[in-house]
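J.: could you work out the structure for the sequence below:
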Amino acid sequence: MLTEEAGKCLFTLCYTQQLQGDVVEIGSWQGYSTSFLARAVAESGNGRMYAIDHFKGNAGKKNFYAVEKPDLSDLQEKFVENMQYLHLAQTVSLLPMPNQQAADQLSRNAVRVRFLFIDGDHSREGVRRDVDLFFPFLMKGSIVVFDDCSQSAPGVIEVIDRLLKDNGCERIFTFSNTAVVVI
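T.: Residues are numbered from 1 along each chain as shown. Got it, this is the predicted structure:
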């Protein structure tokens, strides 16, 4: 669902980032965006790549997520196959669980995040929950990328606007329905 241009931008931002730390992606589906981020991690040698997805699709939009099986039971398997095919399976640490459990695991592992890609639940509540769960792992200078920053996902825009207003975050730029923020 990500454009190739957006993927290349993710790669470039992640690869050239000087801050040392890990990369976390919320919402991996079949691994297209994961592949750009994981390649940046592998080629830069900077940190680990964590992909978080419960592989059940978003409420009310499950038909958009089906690959072969309408019940979505093949999503995780297809993601893993894609990472193996791209020779990125050793780079990606898959956390196939709800976001709260993933945040708990990252906390136990004392993960420090330099790059966060948020592309999970696009509702205001979902994006807010992702911010609340994963921003504590960020360091000063971390990059946060929000996908689907468009009128079709007003919750994403609302949360970003609130971040910019209340937290002193800076918007670097927007492109192709994506917003990039520095913490």
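
J.: mind giving me the packing neighbours of the helix-or-strand element of the chain with minimal mean pLDDT?
T.: One helix or strand of the chain scores below all others by mean pLDDT, DSSP states H and E: strand 170-175, with a mean of 75. For strand 170-175, the packing partners by 3 or more Cβ pairs under 8 Å, 6 or more residues apart in numbering; DSSP states H and E come out as helix 4-16, helix 154-166, strand 178-182. For every residue, glycine as well, the C-beta is placed using N, CA and C.

J.: mind checking how far L138 is from D130?
T.: 12 Å (Cβ to Cβ, to the nearest Å).

J.: below-threshold pLDDT in the protein: ranges please.
T.: Applying pLDDT under 70 to the chain flags the ranges 1, 57-73, 168, 171.

J.: show me where it has its strands.
T.: 22-26, 49-52, 92-95, 113-118, 138-147, 170-175, 178-182 (DSSP state E).

J.: Throw those strands into JSON lines and include mean neighbour count and distance to S33, thanks.
T.: Formatted as JSON lines, those follow (neighbours: other Cβ atoms under 10 Å; distance: least, Cβ to Cβ, whole Å):
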{"stretch": "strand 22-26", "mean neighbour count": "26", "distance to S33": "6"}
{"stretch": "strand 49-52", "mean neighbour count": "26", "distance to S33": "9"}
{"stretch": "strand 92-95", "mean neighbour count": "21", "distance to S33": "12"}
{"stretch": "strand 113-118", "mean neighbour count": "25", "distance to S33": "6"}
{"stretch": "strand 138-147", "mean neighbour count": "19", "distance to S33": "7"}
{"stretch": "strand 170-175", "mean neighbour count": "13", "distance to S33": "14"}
{"stretch": "strand 178-182", "mean neighbour count": "20", "distance to S33": "10"}
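
J.: want to throw these into CSV with distance to P154?
T.: Formatted as CSV, the strands of the chain follow (distance: least, Cβ to Cβ, whole Å):
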stretch, distance to P154
strand 22-26, 19
strand 49-52, 23
strand 92-95, 28
strand 113-118, 15
strand 138-147, 13
strand 170-175, 15
strand 178-182, 13
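
J.: ok, which of those strands comes nearest M83?
T.: strand 92-95 (5.2 Å; Cβ to Cβ).
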